[in-house]
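> Pasting the sequence and the predicted model now:
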Protein chains: 2
Amino acid sequence: MISQTAVHSRRFVAEGFTAAGARGYHYRVLAALEEFGPASQAELGRRCRMDRSDIVAAVTELEQKGFVERSADPADRRRNTVTITRAGTQQLQRLDRALDSVQDELLAPLSATERQTLVALLGKLIEHHGGAPTS
Amino acid sequence: MISQTAVHSRRFVAEGFTAAGARGYHYRVLAALEEFGPASQAELGRRCRMDRSDIVAAVTELEQKGFVERSADPADRRRNTVTITRAGTQQLQRLDRALDSVQDELLAPLSATERQTLVALLGKLIEHHGGAPTS
DNA sequence: GCAGATCGTTGGCGTCGCCAACGGTTCTGT
DNA sequence: ACAGAACCGTTGGCGACGCCAACGATCTGC
């Protein structure tokens, strides 16, 4: 059952994140900013498949930690342009490293080719169900 | 990323459950009761990998719906013996059917052999990380 | 008999995902 | 030009899930 592995995966990932003082939402926002550049909050919501209200909370927290900057968009006064800072990039790298080690731990019992197969299969599932290509 | 598929899986499963008027906790408890027979709540918690406090809530709800019965254990007055009822077994069958169709939908893009491979790989992961063999 | 473990229960915390409503802004059709 | 639709950020709320702390009652080992 996929749900079963999901549980373990979740647990491991959560561990890695909390160890780095962050949450899944933070990582997603930072990763989206790094990959696609500055964006409005609504745009971030679409990229991260997150609700607008959750984006507000995440961006606020990231802003308080200095990982992100909010600035009014002069071209459209409805929007806030969110930009990742230098510190934000560094934090993202930390989280990426944490995720890597977590992934190693999770996939420990699998050989390299098995991992490849698994990733391919899961990729197929995600793509078929309209998944966004996030890391 | 496993987390990605986890999200979709979760969503699908949740859909199927709420459509049947149940939650994941309910299913797990019913399945454990059907598979291993009546048990105390603490025992259920171990089987389902759930917290005792969550077992309390789940059993209470299942009891209100008539899917389960609480009875004092005469041999140990601390324990409540939880027993699945006829209606509970039927409900479990409904949930199983719902899960099956959900799984079909989720695994739609995969061939039969691919599904087999995926299940095998995930099984390896679960087993390695001390997973309990649930369904 | 007494200390420690176990059981059910209550209450709380945090993450994740979602929805409704608002006031402000921009875009659209006419 | 102007009304209505659509969009944006924000606030507040809800439910599912996972976990922890504490309590009183009960059972166990020594």
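Happy to help now that I have it. Numbering: from 1, shown residues only, chains lettered A, B, ... in the order given.

> what's the neighbour count on residue A:52?
11 (other Cβ atoms under 10 Å in any protein chain shown). The C-beta positions use only the backbone N, C-alpha and C, and glycine is treated the same way.

> Let's verify the nearest residue to residue A:68 once chain neighbours are set aside: helix, strand, or coil?
Leaving aside its sequence neighbours, residue A:68 sits nearest to residue A:62 (Cβ to Cβ, 6 or more residues apart in numbering or on different chains; 4.0 Å). Assigned with DSSP: H, G, I helix; E, B strand; the rest coil, residue A:62 falls in the helix class.

> What is the strand or helix carrying residue A:127 packed up against?
Secondary structure from DSSP states H and E places residue A:127 in helix A:112-128. With contacts defined as 3 or more Cβ pairs under 8 Å, 6 or more residues apart in numbering or on different chains; DSSP states H and E, helix A:112-128 has these neighbours: helix B:2-19, helix B:112-128.

> Show me the least confident stretch of those, going by mean pLDDT.
Comparing mean pLDDT across the helices and strands packed on helix A:112-128, the weakest is helix B:2-19, with a mean of 64.

> what's downstream of that helix, the next helix or strand?
helix B:24-36.

> Of all residues in chain A, which one is nearest the centre?
Nearest to the geometric centre of chain A sits residue A:28, at 2.1 Å (Cα atoms, centre = their mean).

> Wait, it touches residue A:48, no?
Yes: using Cβ atoms under 8 Å, residue A:28 is in contact with residue A:48, at 4.3 Å.

> Roughly how far does the residue in chain A that DNA strand C sits nearest to sit from residue A:48?
When distances are taken as Cβ to the nearest atom of the strand, chain A reaches nearest to DNA strand C at residue A:24, 2.4 Å away. Separation of residue A:24 from residue A:48 (Cβ to Cβ, to the nearest Å) stands at 10 Å.

> More neighbours: which of the two?
More neighbours surround residue A:48 than the other of residue A:24 and residue A:48, with 22 against 16 (other Cβ under 10 Å).

> which residues sit in contact with the more buried one?
A:25, A:28, A:29, A:32, A:55, A:134 (Cβ atoms under 8 Å, 6 or more residues apart in numbering or on different chains).
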